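[1] Have a look; sequence and predicted model below, questions after that.
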Amino acid sequence: GAVVSQHPSRVICKSGTSVKIECRSLDFQATTMFWYRQFPKQSLMLMATSNEGSKATYEQGVEKDKFLINHASLTLSTLTVTSAHPEDSSFYICSARPALLNTEAFFGQGTRLTVV
Amino acid sequence: AQKITQTQPGMFVQEKEAVTLDCTYDTSDPSYGLFWYKQPSSGEMIFLIYQGSYDQQNATEGRYSLNFQKARKSANLVISASQLGDSAMYFCAMREGGRNNDMRFGAGTRLTVKP
């Protein structure tokens, strides 16, 4: 099946620094990728939709200047958490899928971000 | 706006027995897809089963089956012959057609299989 690779799987950073998370579709092209955030014991909350070659679409309440998304190619989307703070500590997970409706979304392995 | 509801925060089942995880949804779009994912403690999202809104038959995938009741807007997951490895979080999700095809998730149900 299709594979989505997300890197890094874990990252610890200091407050005020920025962290970049990569999401790659390995065997299919993805014009659209999705970024989710998951707090402990909670569900996945959609943060933004990443569109290849255009600006990302952010969900209400998600700061676009805080969470920078770049989808520069059909197989790569990046999420950069800028000026990270401890409250940004969370599990971030991306997904991508081929264009048809009746296919499941393939998820990356997720990134556990800890800001100290 | 679409909405997914999972009313069972936690469920217990005895090994080898069947268990049903509930999911209801709300959408005004006639075209949509319903999904179930399993999330073990490692965090990965494992696809289990899919049901399309126009599918006439309930989906089945091995020990997983989806009890799709369109009029009631429910899409319950049935796991037969539970195994210890089934212990995990289970999420119901929906994707509407005609939009930019994002997927929204329910709150999840933590299933614990007892030996």
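    Happy to help now that I have it. As the structure is a computational prediction, the values presented were derived from the model and not from experiment.

[2] contacting residues around whichever residue of chain B sits closest to chain A?
    The nearest approach of chain B to chain A comes at B:Met45, 3.9 Å away (CB to the nearest CB). Where you see a C-beta, it was placed from the backbone N, CA and C, and this is true even at glycine. Counting by CB atoms under 8 Å, 6 or more residues apart in numbering or on different chains, B:Met45 makes contact with A:Leu44, A:Ile93, A:Ser95, A:Phe107, A:Gly110, B:Tyr37, B:Lys38, B:Gln39, B:Phe91.

[3] The closest residue to it other than its chain neighbours bridge partners, please.
    In this structure, B:Met45 finds its nearest non-sequential neighbour in A:Phe107, 3.9 Å apart by CB to CB, 6 or more residues apart in numbering or on different chains. Judged by DSSP bridges, the bridge partners of A:Phe107 are A:Ser95.

[4] What of the one 5 residues further on?
    Taking DSSP bridges, one finds A:Arg10, A:Phe91 as the beta-bridge partners of A:Arg112.

[5] Can you tell me the number of residues neighbouring it?
    17 (other CB atoms under 10 Å in any protein chain shown).

[6] can you check A:Gly61 too?
    7.

[7] Just confirm it is within a strand.
    No. Counting by DSSP: H, G, I helix; E, B strand; the rest coil, A:Gly61 is not found in a strand; it is coil.

[8] Okay, it and chain B: tell me how far apart.
    Going from A:Gly61 to chain B by CB to the nearest CB, to the nearest Å gives 14 Å.

[9] Over to that residue: give its phi and psi.
    Main-chain dihedrals, A:Gly61, degrees, to the nearest 10: phi 90, psi -10.

[10] pLDDT wise, what is it at?
    Looking at A:Gly61, its pLDDT reads 94.
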